[in-house]
Structures are given as C-alpha cells and as structure tokens.
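# Test case, fold it:
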Amino acid sequence: MSAQNEELDLFRDMVLRFLEQEIEPHFEEWEKNHMMPREVWNTMGAAGLLLVDMPEEYGSAGASFDVAQMIMWEMSRLGYAGLATGYNIHANICAPYVNNIGTEAQKAQWLPKMVTGEVVTAIAMTEPGAGSDLAALRTTAVKDGDEYVLNGSKVFITNGIHADMVIVCAKTDPKAGAKGISLFLVDTSLPGFSTGKKIEKIGQHSSDTAELFFSDLRVPADALLGEEGKGFVYLMEELPRERLGCSTQAVGAAQGALDLAAAYVQERQAFGQPIAKFQNTRFKLADVKTDIELNLALLEKNITKFKAGKMTVDDAAVLKLATTEMQLRAVNECLQMFGGYGYTVEYPISRFYVDARIQTIYAGSSEIMKEVISRGIVGR
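Next comes the predicted model:
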C-alpha cells in the first residue's frame with residue numbers, strides 16, 4: 001500500500017467515526033430546524049477536519065488534496081448533503097482563495113481560525129440581478145483614503161448566517177465590466193454588514209443560505225484580496241476546484257443512493273419474492289452502477305490533473321456537467337425502486353432526491369457548463 005493510500009485510509013476511518021458519533025445522532029434535528037448549529041464548526045475543527053490540505057504552519061493536518069475530497073465524499077455518501085455543501089464552501093473554496101491569493105498577513109489573520117472553526121467563511125458572488133453573469137454585479141467598493149466603502153447585496157449565500165468572514169465580489173470600477181471586479185475579505189462584525197432572511201429551500205435544509213447586505217460598509221484597504229481589478233481572473237482560477245468539489249459530492253451522493261436502493265430491494269417483497277429478483281430492478285441497479293463508475297473514473301482523472309496543476313476551466317465544466325446530471329439520474333432511479341415509500345420523508349432516499357436538485361444549478365448551472373464547453377470547441 002502506498003503512503004498516500006495509507007494516509008487516505010487512516011483519515012477515512014477517523015472521518016467515519018466522527019460522522020457516526022457527532023453528526024448522525026443530530027442530523028435529523030438539524031434538518032427539521034433548517035439550520036446546523038454554529039458549534040458544529042468548532043467540533044469539526046477540534047477533530048482536525050477543517051482545511052486539512054492547507055499548509056501545516058496554520059495549524060492544519062497538512063494532509064493531501066485526496067483527503068480533502070474524501071471528507072466531502074463520505075459526508076455526501078451518508079446523506080449529509082447540507083453539511084457537505086457548507087464544508088465545501090468553507091474548506092474547499094474559501095480557504096484556497098485566502099491561501100493562494102492572500103498576503104502573508106491575511107493568511108495569518110484568517111487561516112488558523114478557519115482551521116479551528118473559530119471563523120466560518122462564505123463567498124458572496126451571486127446577486128438578485130447577477131448570477132452566472134458576473135460582469136453584471138452591482139455591489140460596489142469605492143476607495144476612500146485607506147478604506148473601501150461597500151454597498152450592495154448578495155443572495156443565495158451558503159454559510160451566510162454563520163459566517164464570520166465573507167469573500168465579497170464587488171465592482172471597484174463599474175465601467176470596466178469584468179475587469180472592474182475586485183475581491184474583499186469582509187469581517188461580518190463590521191458596522192454596515194447585515195444578514196437578511198434565511199432562505200428556505202426544498203433540500204439541504206441543514207445548510208444555511210442567506211441574503212447579505214452592505215450599507216456603507218467600511219473595510220480597511222488591506223482587506224482587498226489580491227490586486228484591485230483582478231477579481232474576475234481570480235474567480236476563474238479558483239472555480240475549477242469549486243466545481244471539482246461539487247462533483248465529488250455528486251458521485252458520493254449517487255453512491256449513497258445506490259447503497260440505499262440495493263439494501264431496500266433485497267428486503268422488499270412483492271409477488272412472493274424480493275424485488276431484487278426481478279430483471280427490471282436488477283437492470284436499473286446495473287445502469288446506475290455503470291453510470292457511477294464512469295463518472296467516478298472522470299472524477300479521479302480530474303483530481304489527478306488538479307494536483308498536477310493541469311485541470312482547466314473546460315475540464316471542470318465537463319466534470320461538473322457530467323457528474324451532477326448523473327447524480328440526478330441516479331437518485332431518480334433509486335427513489336423509483338422504493339415505490340410510494342420513496343416519496344415519504346420517513347425514507348432517507350427522499351432526502352437524497354431533494355438535496356440533489358441544486359447540484360445542477362449552483363457553482364455554474366448545467367446550461368452555463370455547456371456554454372463553457374462549447375466555447376472550448378468552437379469559440380465564442
């Protein structure tokens with residue numbers, strides 16, 4: 001066994017124990033409350049599960065990228081999609097922004113607290129009038145001496161309720177289109193920052209999603225992440241990892257749905273025998289298994305490319321399109337095998353179904369992924 005595989009297995013055992021002891025007993029309550037308690041982040045931090053692949057100097061486990069993806073895979077496979085999504089935002093998306101773009105002072109300020117869970121993070125791109133079209137952002141950041149003044153609003157922000165720091169995309173030059181976008185590390189305790197209503201969703205209830213408002217919010221000039229006007233470039237550089245994380249969740253959740261269906265059809269009796277004996281059921285299971293394996297191979301290929309620094313925006317688009325659409329197909333087929341019981345909240349497969357629906361929308365919709373892919377083939 002290679003050292004890398006041994007590391008992965010050791011971490012997997014730890015992750016599974018943590019999920020069994022700290023998440024499973026409470027997850028139903030969190031879903032019913034439509035909110036995961038803030039303390040869960042501290043608990044994950046104490047267990048060493050946050051920012052595992054960030055530099056050890058900030059207190060992280062110093063583990064591999066594979067370990068970071070495995071954590072989201074297991075959360076998703078076991079049906080904790082709301083937890084996996086919040087984790088993806090904090091540890092797999094926001095942390096790399098700070099680590100890859102931030103100054104030494106910014107990294108020292110934020111990363112250690114993100115590792116422990118003392119600070120929870122979110123990234124705020126989407127606005128009521130600007131989703132996929134980032135050039136249409138209306139949130140502004142105006143330089144005023146040694147400060148920037150932010151005004152605007154964001155919507156559909158994962159971790160928005162609990163966030164202590166938000167990476168905000170804002171226009172520093174409204175006339176420059178995409179070249180006028182800058183990123184800011186915003187401390188949510190500052191005057192002028194407010195959280196709107198918690199957005200109620202059809203799935204992933206334990207993941208908090210909120211509106212954010214900035215009203216003459218003053219941040220110090222050193223809250224600027226990277227260079228002014230380079231925000232769009234940074235977003236394009238970091239999006240592949242975000243989409244890879246969504247794909248890890250997708251394939252993991254599809255496997256979890258198949259596990260549930262396979263167990264159910266061997267127990268459920270119809271016409272005097274388990275429904276697993278019927279050819280229709282067996283063929284459906286075979287189709288789902290094949291779909292998962294094909295997408296798992298694509299995921300593993302892209303994880304390898306990402307670690308080598310060779311994963312492109314086009315690669316990420318192909319991966320996200322394929323895996324998330326597969327997830328929807330898989331959970332739909334698996335729920336069908338449960339018959340009427342699959343439509344009841346009593347059976348976990350129903351949660352897999354509603355939790356999956358957002359996967360082809362956030363982090364770039366399937367339609368946008370197709371546009372990105374087609375541009376890579378024939379240009380604009």
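# Helix or strand for Met44, just tell me which one.
Secondary structure assignment for Met44, by DSSP states H and E: helix 39-46.
# what does the average pLDDT come to for that helix?
The pLDDT scores in helix 39-46 average 99.
# same check, this time on stretch 74-91
The average pLDDT within stretch 74-91 is 99.
# again, but for stretch 208-225
On average, stretch 208-225 scores 98.
# which stretches of the stretch 101-250 of the chain have low pLDDT?
Applying pLDDT under 70 to the stretch 101-250 of the chain flags no residue at all.
# One more pass at 90, please.
Counting by pLDDT under 90, the ranges of the stretch 101-250 of the chain that qualify are 129-136, 197.
# follow-up on the earlier one: so what touches the helix holding Met44?
Outside helix 39-46, the residues that touch it by C-beta atoms under 8 Å, 6 or more residues apart in numbering are 18, 22-23, 50, 83, 87, 90, 115-118, 120, 162. The C-beta positions use only the backbone N, C-alpha and C, and glycine is treated the same way.
# Please identify the buried residues of it?
Using 16 or more other C-beta atoms under 10 Å as the test for burial, helix 39-46 gives Val40, Trp41, Met44, Gly45.
# ok, these vs Tyr264, which is closest?
Comparing the buried residues of helix 39-46 against Tyr264 with C-beta to C-beta places Val40 closest, at 29.3 Å.
# where along the chain do the helices fall?
Using DSSP state H, the helices found in the chain span residues 3-18, 27-33, 39-46, 65-77, 81-87, 95-101, 104-116, 231-267, 279-307, 313-337, 349-356, 366-378.
# which residue sits closest to Asp312, ignoring its sequence neighbours?
Just to correct that, residue 312 is Thr rather than Asp. Spatial nearest neighbour of Thr312, chain neighbours left out: Pro240 (7.1 Å); criterion: C-beta to C-beta, 6 or more residues apart in numbering.
# give the contact list for the one you found.
Pro240 touches Phe306, Met311, Thr312, Val313, Asp315, Ala316, counting by C-beta under 8 Å, 6+ apart.
# which residues in the stretch 51-200 of the chain form strands?
Applying DSSP state E, counting those that start in this stretch to the stretch 51-200 of the chain gives strands spanning 121-124, 140-144, 147-158, 165-171, 181-187, 193-198.
# can I get the ones you listed in TSV with mean neighbour count and distance to His34?
Below are those laid out as TSV (neighbours: other C-beta atoms under 10 Å; distance: least, C-beta to C-beta, whole Å):
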stretch	mean neighbour count	distance to His34
strand 121-124	26	17
strand 140-144	17	32
strand 147-158	21	14
strand 165-171	26	21
strand 181-187	25	25
strand 193-198	14	7
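# how close does Thr312 get to Gly226?
21 Å (C-beta to C-beta, to the nearest Å).
# neighbour-wise, which of the two wins?
Gly226 (19 against 13; other C-beta atoms under 10 Å).
# Looking at the strands of the stretch 51-200 of the chain, spot the one closest to Ala356.
strand 147-158 (15.8 Å).
# and that closest one, which strands flank it?
Applying DSSP bridges, strand 147-158 is found paired with strand 140-144 (antiparallel), strand 209-220 (antiparallel).
# Now do it: distance to the chain's middle.
20 Å (C-alpha atoms, centre = their mean, to the nearest Å).
# What is the neighbour count of Trp297?
Just so we're on the same page, residue 297 is Ala rather than Trp. By other C-beta under 10 Å, neighbour count at Ala297 equals 11.
# Check the gap between it and Val331 for me.
Taking C-beta to C-beta, one finds Ala297 at 20 Å from Val331.
# Same list, the strands of the stretch 51-200 of the chain, but as a markdown table with distance to Gln279 please.
Converted to a markdown table, these look like this (distance: least, C-beta to C-beta, whole Å):
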| stretch | distance to Gln279 |
| --- | --- |
| strand 121-124 | 47 |
| strand 140-144 | 61 |
| strand 147-158 | 42 |
| strand 165-171 | 52 |
| strand 181-187 | 55 |
| strand 193-198 | 47 |
